[in-house]
Structure formats: C-alpha cells, structure tokens
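Peer 1: only geometry, no sequence info:
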C-alpha cells in the first residue's frame, strides 16, 4: 500500500529513500484519473449547453415583456361604461351612484336595442309536455 524504502544497511546513506517503482501513484493510476477528469469535464460541458438552451428557450422576464408594450393605463376610455368605471376607480363617484348610472344605461340600451325572447314556438316546448309551463 505504501512505498517501501530501499533496502540497505543501518548506517547507509540510501536508507529511507523511496524507489520510484514503489510509489503509490503509478502510470495506470494517472491514466485512470485523467479519464475521470475527462468524463467530469464532458459532463460539465453538457450541463452548460443544457442550461444555455433552457435559458434561450424560456420566455422573457415580466419586466422585459412589459417594456415593449405601450402603457395604456392613462388612455382615455372609449365607452360610457369605461368612463364611468374610471371615475369609480379614481373615487370621483360613489358605488351607489355607479350602480344607479349603470342601471339607467342598461334601461336605455334595452330601449334602443331590445332583445327578442323566443316564444312558445321553440322546439323544446312541446304542447304534450307533462312539465308545467312557466
């Protein structure tokens, strides 16, 4: 396991020195380590390529995505309902006023564009039906 010292007499100057062939690091061991280092380097390279691909594919961050879009928060509303909602959000009208105004807008819209309700001529209302009519 450990290198053995050179054999020699007790007073010899060569005693305690190591033989090169008895060192724990051999050429085979160095070759094995080199292969392990190559495998680890390749794994790190593959991991780096995968991370780069994922970062390239992922969508932009929220901050970067909003930079390209124009700010429409200060845009004027285009409908009466939108203007009324903007007044409510700014606190210029109360919730009760908002609801009352929307009710009047709905009544006006119903007068101008009435909806036609289907009558009894619908196919799902059969005269022989045993269900009571509403």
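Peer 2: Received the coordinates, thanks. It should be emphasised that the depicted structure is a prediction, and the values quoted were computed from it without experimental measurement. Numbering: from 1, shown residues only.
Peer 1: Return the helix or strand in this structure with minimum mean pLDDT.
Peer 2: Using mean pLDDT, DSSP states H and E, helix 62-68 stands out as the lowest-scoring helix or strand of the chain, at a mean of 60.
Peer 1: That helix: what's the following helix or strand?
Peer 2: Downstream of helix 62-68, the first helix or strand assigned by DSSP states H and E is helix 80-90.
Peer 1: helices or strands up against that next one?
Peer 2: Judged by 3 or more C-beta pairs under 8 Å, 6 or more residues apart in numbering; DSSP states H and E, helix 80-90 is in contact with helix 95-112. The C-beta positions use only the backbone N, C-alpha and C, and glycine is treated the same way.
Peer 1: How about residues contacting the helix it packs on?
Peer 2: The contact list for helix 95-112 (C-beta atoms under 8 Å, 6 or more residues apart in numbering) reads 80, 81, 84, 85, 87, 88, 93.
Peer 1: Recalculate using a threshold of 10 Å.
Peer 2: 79, 80, 81, 84, 85, 87, 88, 89, 92, 93, 94, 115 (C-beta atoms under 10 Å, 6 or more residues apart in numbering).
Peer 1: What does the last one show for phi and psi?
Peer 2: So that's residue 115. Backbone torsions of residue 115, given as degrees, to the nearest 10, read phi -90, psi 140.
Peer 1: Going by neighbour count, which residues in whichever strand or helix holds residue 36 are buried?
Peer 2: Here residue 36, judged by DSSP H and E, is contained in helix 27-57. Neighbour counts over helix 27-57 (16 or more other C-beta atoms under 10 Å) mark no residue as buried.
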